[in-house]
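**Q** I need the structure of the sequence given here:
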Amino acid sequence: MKLVEACKDILGQLENVIYDLSDQHFTLPIETLNNSTIGQHMRHTLEFFTCLMNNHNSGLINYDNRDHDKVIESDRTIALELIRDLKGFISSIKEDRPLKLDACYSLDGNDVVTIDTNLYRELTYNIEHAIHHMAIIKIGLKEVATYVTVPSHFGVAVSTIKYQKDQA
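**A** Alright, predicted model coming up:
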């Protein structure tokens, strides 16, 4: 299934960056990124996939209930292990299934809405969310880790790539 392959490709791109990045640059606060680190953006991105992996069997996903695990953002080996687990989960998906998504957009946390969704839609959301953070990661890499080579399409939506090719 193309959706599964797209997820694995995104995770593979993140994996390659983590392999190539030094420990120092993984955890270095970058002023351009409001002093966040590449590791923090990796952790944030991976935790969305983790929420889906850990909760899809229950049928209820809530991305607000992430762990914010400092170890993932500070230890490249742990982040790489998590990516391997996520790839295994993604590879195991054979069919769509209905899910519910809890979301809250109020600061007081009292306005939770429950939305009907499905596994494929959440995979799509995770891809788009990852691409967004990959674009931010790419900015950080260009600033502090120019030795890391990323594909030109890293952090660029497929629809944008297609549009750019049509315009050329």
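
**Q** show me what contacts the residue lying closest to Cys104 once chain neighbours are set aside?
**A** Of all residues not flanking Cys104 in the chain, Val112 sits nearest, at 4.6 Å (C-beta to C-beta, 6 or more residues apart in numbering). C-beta coordinates here come from the backbone N, C-alpha and C atoms, glycine included. For Val112, the set of contacting residues under the criterion of C-beta atoms under 8 Å, 6 or more residues apart in numbering consists of Asp102, Ala103, Cys104.

**Q** quick check: mean pLDDT of whichever strand or helix holds Ile115?
**A** With elements taken from DSSP states H and E, the one containing Ile115 is strand 112-118. Along strand 112-118, the predicted local confidence has a mean pLDDT of 96.

**Q** in its sheet, what does it sit against?
**A** In the sheet, strand 112-118 lines up against strand 98-104 (antiparallel) (DSSP bridges).

**Q** just how off-centre is the partner strand within its chain?
**A** Going by C-alpha atoms, centre = their mean, to the nearest Å, the spacing between the C-alpha centre of strand 98-104 and its chain's C-alpha centre is 18 Å.

**Q** just for the chain, where's the confidence low?
**A** Under the criterion of pLDDT under 70, the regions of the chain flagged as low confidence span 1.

**Q** repeat the analysis, applying 90 as the threshold.
**A** Scanning the chain for pLDDT under 90 picks out the ranges 1, 105-111, 151-152, 157-168.

**Q** tell me, what residue is most central in it?
**A** Nearest to the mean C-alpha position of the chain, by C-alpha atoms, centre = their mean, lies Thr45 at 2.9 Å.

**Q** now the angle from the helix or strand that the strand holding Ile115 is followed by to strand 98-104?
**A** Proceeding C-terminally, strand 112-118 gives way to helix 119-144 as the next helix or strand, assigned by DSSP H and E. Orientation check (axes from the mean of the first three to the mean of the last three C-alpha atoms, to 10 degrees): helix 119-144 against strand 98-104 gives 50 degrees.

**Q** distance check, Glu73 against Gln164.
**A** Distance, Glu73 to Gln164, by C-beta to C-beta, to the nearest Å: 32 Å.

**Q** who has more neighbours, the two?
**A** Ranked by neighbour count (other C-beta atoms under 10 Å), Glu73 and Gln164 place Glu73 first, with 23 against 12.

**Q** the more buried one contacts Gln40, correct?
**A** Yes - in this structure, Glu73 is within contact of Gln40 by C-beta atoms under 8 Å, at 4.7 Å.

**Q** could you pull out the helices for the protein?
**A** Along the chain, the segments classed as helices by DSSP state H run 2-20, 23-26, 38-55, 70-74, 76-92, 119-144, 158-167.
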